[in-house]
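Q: here is a sequence together with a model predicted from it:
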Amino acid sequence: MLNVIELESGYGPMQVLWKPSLQVKKGSITSLLGPNGAGKSTFIMTVFGSILPWSGRILYNESDVTHLPTHKKVDLGVALVPEGKHLFPNMTVHENLLMGAYLKRASAHREKSLSMVHDLFPRLKERENQTAGSLSGGEQQMVTIARALMTRPQLIMLDEPSQGLAPLLVREVFDTIQKMKDDIGLTVLLIEQNADASLNAADYVYIMHEGKIKAEGSPEEIKDSREIREAYLGI
C-alpha cells in the first residue's frame, strides 16, 4: 500500500532523513522504532506532505504521491495522528469528532463513522457533550485518534500515540490499534518509543537511527537480536 524509496528531507539546510526506504503492506501494522531524535516524526511528516521531500519517491497504492499536497493525500485515504493532542479544547468531544468528517466522502458516512468510533472508544460516547479540554490525557488521545478515523482513511499513521500515558492506558491504546486492523481493516504505520508494546502489536518492524533505516524484520527477529535491541531500542 505504501512504498517509500530513499527519502531525503530536513529543515532549512539541516538534513534529517538520509535515504530511508520502507514498505507498509495493506492490512498490516508496521512499526517504525528508534531513539528520540532518530528522524521518525520527520519521516511520517514528509510522507504526509507537511514537510517537503528533497528527493526520493513516495508511492501509495502504486501511484506516485511524492509531491502531492497534504489535503490531496487525505482525499486518497491517508490520515496522520501527530504527536501530542491537537484538539479544539473549548469544543465538545462530539464537535471535535465532526471536524474530522469534513471531506465530502466522509461527510456522507458521518453517522456510520460516529458509530464506529463510539464502538472503538465507548468512553467518547459517554463524554460526547464535555469539552475536549476537560478530558484526561488518555481520553484526549482517544479523541485525537477517533477524529482521524472520521476521515474514513485506508492508511492511518500514528506518531507516539502512547506518549505520556499511564501503563493501563498504553495497553488500551494498543488494543485499539489492533482493533483498527482486525475489525475495521485499516493499514497502520506506527511510530513509537515504547518498543515492547510496538513489537507485540506489529506485523513488521523497521529500526531508524540518525535518519537511516538500520535494521528491519519480523517482531520475532528484532526481539531475538540482542545487538539490535541494545544498540537502538535500549531493551
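A: That came through fine.
Q: so what pLDDT did residue 198 get?
A: For residue 198, the model assigns a pLDDT of 93.
Q: for residue 208, which three-state class applies?
A: strand (DSSP: H, G, I helix; E, B strand; the rest coil).
Q: quick one, what contacts the residue lying closest to it once chain neighbours are set aside?
A: In space, and not counting its chain neighbours, residue 208 is closest to residue 34: 3.9 Å by Cβ to Cβ, 6 or more residues apart in numbering. (Each C-beta comes from the backbone N, C-alpha and C, glycine too.) Residue 34 makes contact with 40, 207, 208, 209, 214, 232, 233, according to Cβ atoms under 8 Å, 6 or more residues apart in numbering.
Q: buried among the residues you listed? Make that a ChimeraX selection.
A: In ChimeraX, a selection of the buried entries from the contacts of residue 34 looks like this (16 or more other Cβ atoms under 10 Å):
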select :40,207,208,209,232,233
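Q: ok, so of the contacts of residue 34, who is nearest residue 156?
A: For the contacts of residue 34, the residue nearest residue 156 by Cβ to Cβ is residue 40; the value is 15.8 Å.
Q: just give the nearest non-adjacent residue to that closest one, would you?
A: Using Cβ to Cβ, 6+ apart, the closest residue to residue 40 is residue 191 (4.6 Å).
Q: what sits against residue 160?
A: 41, 83, 191, 192, 193.
Q: if you could redo that for residue 188, that was the one I meant.
A: Counting by Cβ under 8 Å, 6+ apart, residue 188 has contacts 28, 29, 30, 155, 156, 157, 158, 177, 180, 181.
Q: isn't the last one up against residue 30?
A: Okay, so that is residue 181. No. Assessed by Cβ atoms under 8 Å, residue 181 is found out of contact with residue 30, at 10.5 Å.
Q: look at the two and report which has more neighbours.
A: Taking neighbours as other Cβ atoms under 10 Å, residue 181 and residue 30 compare with residue 30 leading, 23 against 17.
Q: how near is residue 58 to residue 150?
A: Using Cβ to Cβ, to the nearest Å, one obtains 24 Å as the distance from residue 58 to residue 150.
Q: before we move on, what about residue 86?
A: 14 Å.
Q: so which of the two has more stuff around it?
A: Applying other Cβ under 10 Å to residue 86 and residue 150 shows that residue 150 carries more neighbours, namely 24 against 10.
Q: so what's that one up against?
A: 97, 98, 99, 100, 101, 106, 110, 113, 114, 117.
Q: pull up the per-residue confidence for it.
A: For residue 150, pLDDT reads 93.
Q: could you do residue 108 as well?
A: At residue 108, pLDDT is 82.
Q: again with residue 176
A: Taking residue 176 on its own, its pLDDT is 91.
Q: now it: closest residue in space that isn't a chain neighbour?
A: residue 120 (5.7 Å).
Q: in stretch 48-63, what counts as buried?
A: 48, 49, 51, 53, 56, 58, 60.
Q: ok, the second one - contacts?
A: By that I understand residue 49. So residue 49 contacts 68, 69, 70, 72, 73 (Cβ under 8 Å, 6+ apart).
Q: over to the last one?
A: Contact partners of residue 60, counting by Cβ under 8 Å, 6+ apart, are 1, 2, 3, 73, 76, 78, 155.
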